[in-house]
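Chemist: output the structure for:
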Amino acid sequence: MLLPNYSGYTLEAGIDEAGRGCLAGPVVAAAVILPSDYSHPLLNDSKQLNRKQREQLREVILQDAVCWAVGEGSPSEIDQINILNATYLAMHRAIKGLQQHPEYLLIDGNRFKTNLATPYACIVKGDGKYLSIAAASVLAKTYRDDYMCSLTGDCERYGWEQNAGYPTKKHRDAILKYGASVHHRQSFTLLPNQLDVLL
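Modeler: Presented below is the predicted three-dimensional model:
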């Protein structure tokens, strides 16, 4: 059973990201503030859920959350400032998008960089420990998956409906065949042998 609160603050925002290891598309972060006494039997780390469960839980989270927001770091920003800093950027955009100012930030992972005065804690594997981080992981994952599927032509060509931009064999075979799209991260190793496939 995941825990509802870490800090004791009422407005504690859980923050998580999706898409750091992808070859294409943005890195997406979500911030979610749940009621301090919140509980839900199925809410868990998005990686432990199937697609149908994530979709169902997204609707529950959007209805039950005190507030929530999503932020992105684009492929060009990833190329310019690297994936770690683009992840921080996406997280800050999500935090700033919250309709209520959080009293405490609960970050999934082992590091965070910020100039915000808001206190925070980093929780390794926090999406499997705290409900608010799990909720953020579900929103980030479903938002990003939907976005990748919306890139109609490229989605079909590279199989993004199935791989969401992650480095599967089908995805890399398509890069070899068609070259890289404008949605690919040019600073990433798109192919193991580093062929010059960028457009």
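
Chemist: before we move on, what SS does K177 have?
Modeler: Here K177 is helix, with the state taken from DSSP: H, G, I helix; E, B strand; the rest coil.

Chemist: what comes up buried for stretch 43-50?
Modeler: With burial defined by 16 or more other C-beta atoms under 10 Å, the residues of stretch 43-50 counted as buried are L43, N44, D45, S46, L49. All C-beta spots, glycine's among them, are computed from the backbone N, C-alpha and C.

Chemist: helix or strand right after the top helix by length along the chain?
Modeler: The residue-count maximum for a helix in the chain (DSSP state H) belongs to helix 131-150. Per DSSP states H and E, the first helix or strand lying C-terminal to helix 131-150 is helix 152-158.

Chemist: tell me how far whichever helix or strand comes after that next one lies from the chain's centre.
Modeler: Counting by DSSP H and E, the element after helix 152-158 in chain order, helix or strand, is helix 160-163. Its chain's C-alpha centre and that of helix 160-163 lie 16 Å apart, by C-alpha atoms, centre = their mean, to the nearest Å.

Chemist: CA atoms only: put the longest helix of the chain into CSV for me.
Modeler: Listed next in CSV are the C-alpha coordinates belonging to helix 131-150 (Å, rounded to 0.1, in the frame of the first residue of the first chain):
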residue,chain,number,x,y,z
LEU,A,131,0.6,8.0,-4.0
SER,A,132,1.3,11.6,-5.2
ILE,A,133,4.4,10.5,-7.1
ALA,A,134,2.6,7.4,-8.5
ALA,A,135,-0.2,9.7,-9.7
ALA,A,136,2.4,12.0,-11.3
SER,A,137,4.0,9.0,-13.0
VAL,A,138,0.6,7.9,-14.5
LEU,A,139,-0.2,11.4,-15.8
ALA,A,140,3.3,11.9,-17.3
LYS,A,141,3.2,8.5,-19.0
THR,A,142,-0.3,8.8,-20.4
TYR,A,143,0.2,12.4,-21.5
ARG,A,144,3.4,11.5,-23.3
ASP,A,145,2.0,8.3,-24.9
ASP,A,146,-0.9,10.2,-26.3
TYR,A,147,1.4,12.9,-27.6
MET,A,148,3.6,10.4,-29.4
CYS,A,149,0.5,8.7,-30.9
SER,A,150,-0.7,12.1,-32.2
